[in-house]
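Student: Can you look at this prediction? I've put the sequence above it.
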Amino acid sequence: MLSIVVLISGSGSNLRALLEACDNPMFPAKVLGVGADNPASGLAHAEEFDVTTFVVENKYFANRDAWAARLAEHIDILQPDLIVLAGFMKILPASFVDRYRGKLINMHPSLLPQFPGAHAVRDALSAGVSKTGSTIHLVDEGVDTGRILVQREIEIPQGISELELHEKIKEVEREQLVRLVYEIAANEITLED
């Protein structure tokens, strides 16, 4: 059974899809805990499924490394096999990435390496491209530069708003995340370099 900690910053729609999948006793993974960098509304999904939650806000720490060390303390109590950044909007320091190398994956709403960073959907629309998509990748020290595990392409309809496109991508992301976690649990995909 693959054990998972999920980190979020917002509404947690991808988290909810994973919690629902893990609620099936035949699914080979279990979410042990959900952490956030703020009192995110998505923590309610974890509470609904009786999953431990924790919040570590960086504003209470002198620097990013101290904040990440506290975040790691919460994760280490749970000892997960995998850490999923599902809409987690903070850049993690190298010390954190090194600590969990090969166990840390991120979801990103573009076809990386195109449009890395926090405004990928807006950037894709501004660039006028006809396609975008969803990527799940290993986390390294860069911003959205780790090895790509899976990608799915979607067409960008004419006249779509940023919010509408983001929702369209989230529909793909939810299915993509559940499938990838299953494949990792079944040893169909390896996270080792």
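Tutor: Sure, I can see it. Numbering: from 1, shown residues only.

Student: May I see the buried residues of stretch 48-55?
Tutor: Within stretch 48-55, the residues that qualify as buried by neighbour count (16 or more other CB atoms under 10 Å) are 51, 53-54. All C-beta spots, glycine's among them, are computed from the backbone N, C-alpha and C.

Student: quick one, helices of this structure?
Tutor: Taking DSSP state H as the test, the helices found in the chain are 13-22, 43-48, 64-78, 94-99, 120-127, 162-185.

Student: tell me how far the first one is from the chain's mean position?
Tutor: This means helix 13-22. With CA atoms, centre = their mean, to the nearest Å as the basis, helix 13-22 stands 12 Å off its chain's centre.

Student: Can you tell me what sits against it?
Tutor: 4, 6, 8, 27, 29-31, 34, 42, 45-46, 48-49, 51, 84, 86-87, 107, 170, 173-175, 177-178, 181-182 (CB atoms under 8 Å, 6 or more residues apart in numbering).

Student: quick one: that helix to helix 162-185, angle?
Tutor: For helix 13-22 against helix 162-185, the angle by axes from the mean of the first three to the mean of the last three CA atoms, to 10 degrees is 40 degrees.

Student: Buried residues, helix 13-22. List them.
Tutor: 13-19, 21-22.

Student: What sits closest to residue 170 if chain neighbours are left out?
Tutor: In space, and not counting its chain neighbours, residue 170 is closest to residue 13: 5.5 Å by CB to CB, 6 or more residues apart in numbering.

Student: Quick check: that neighbour vs residue 74, distance?
Tutor: When distance is defined by CB to CB, to the nearest Å, residue 13 is 22 Å away from residue 74.

Student: Residue 12 contacts residue 49, doesn't it?
Tutor: No. Residue 12 sits out of contact with residue 49 when judged by CB atoms under 8 Å, with a separation of 11.1 Å.

Student: What's the separation between the closest residue to residue 47 other than its chain neighbours and residue 7?
Tutor: Of all residues beyond its chain neighbours, the one nearest residue 47 is residue 53 (6.3 Å), with distances taken as CB to CB, 6+ apart. Between residue 53 and residue 7 the distance is 11 Å, computed by CB to CB.

Student: so what sits against both of the two?
Tutor: Taking CB under 8 Å, 6+ apart as the contact criterion, the residues that touch both residue 53 and residue 7 are 34-36.

Student: Which ones among these map onto strands?
Tutor: Secondary structure of the shared contacts of residue 53 and residue 7 is defined by DSSP state E; positions in strands are 34-36.

Student: that older thread, select, out of the helices of the chain, the one closest to residue 138.
Tutor: Closest of the helices of the chain to residue 138 is helix 94-99, at 9.6 Å (criterion: CB to CB).
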